[in-house]
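Engineer: next comes the sequence, and after it the predicted model I'd like to discuss.
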Amino acid sequence: MSVTSRIDDPEDQCIRKPACTIRGWCSSDKVRSLKGLQFFIGEWPVRHSTQRRPDVEAACAGMPSAGFLIRLDLNFYLQAVEDNELVMRLVVPGEEPLPFRFRVARGVVASCLAAVGGA
């Protein structure tokens, strides 16, 4: 199984505002700890915080698990948006990166550009 992960919010993985919150969790049956987990968009690291998730701990008993919270500001990652899609990778040391694909709603990129005077 290796790394299992899920995005809980936004549930439909659609970014509707330039600044949003992404919540989710991950677990692994191969590593002893998820303390080194990281997120990337392109080559850029994405700041996140980890949280205890008792619901995930119960469902994945005996495996390390962690909840995560990302406060994403799309303005920093505009160049990574292609065809209204943004790909974020979860990286757990010793494991293959796990991609998350987010749809960027119509008008969000234009809002970002307008905010910096580019549209």
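Structural biologist: Nice, thanks for sending it over. Small disclaimer: the values here were computed from a predicted structure and weren't measured.
Engineer: buried sites along the longest helix along the chain?
Structural biologist: In the chain, ranked by residue count with DSSP state H as the criterion, the top helix is helix 108-115. Within helix 108-115, the residues scored as buried using 16 or more other CB atoms under 10 Å are 108-109, 112. (Glycine included, C-beta is placed from N, CA and C.)
Engineer: now do stretch 86-96
Structural biologist: Buried, per 16+ other CB under 10 Å, within stretch 86-96: 86, 88, 90-92, 95.
Engineer: now stretch 42-60
Structural biologist: Neighbour-count burial for stretch 42-60 flags 46, 48, 53, 56-57, 60 (criterion: 16+ other CB under 10 Å).
Engineer: for that stretch, what is the average pLDDT?
Structural biologist: Stretch 42-60 carries an average pLDDT of 93.
Engineer: didn't L98 look like it was pressed against S5?
Structural biologist: Yes: L98 is within contact range of S5, at 5.6 Å (criterion: CB atoms under 8 Å).
Engineer: for this structure, which segments count as strands?
Structural biologist: 3-9, 14-15, 19-28, 38-41, 44-46, 49-51, 65-73, 85-91, 98-104 (DSSP state E).
Engineer: could I get the ones you listed in JSON lines, plus columns for distance to V116?
Structural biologist: Listed next are the strands of the chain as JSON lines, based on distance: least, CB to CB, whole Å:
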{"stretch": "strand 3-9", "distance to V116": "27"}
{"stretch": "strand 14-15", "distance to V116": "17"}
{"stretch": "strand 19-28", "distance to V116": "14"}
{"stretch": "strand 38-41", "distance to V116": "18"}
{"stretch": "strand 44-46", "distance to V116": "17"}
{"stretch": "strand 49-51", "distance to V116": "27"}
{"stretch": "strand 65-73", "distance to V116": "12"}
{"stretch": "strand 85-91", "distance to V116": "18"}
{"stretch": "strand 98-104", "distance to V116": "16"}
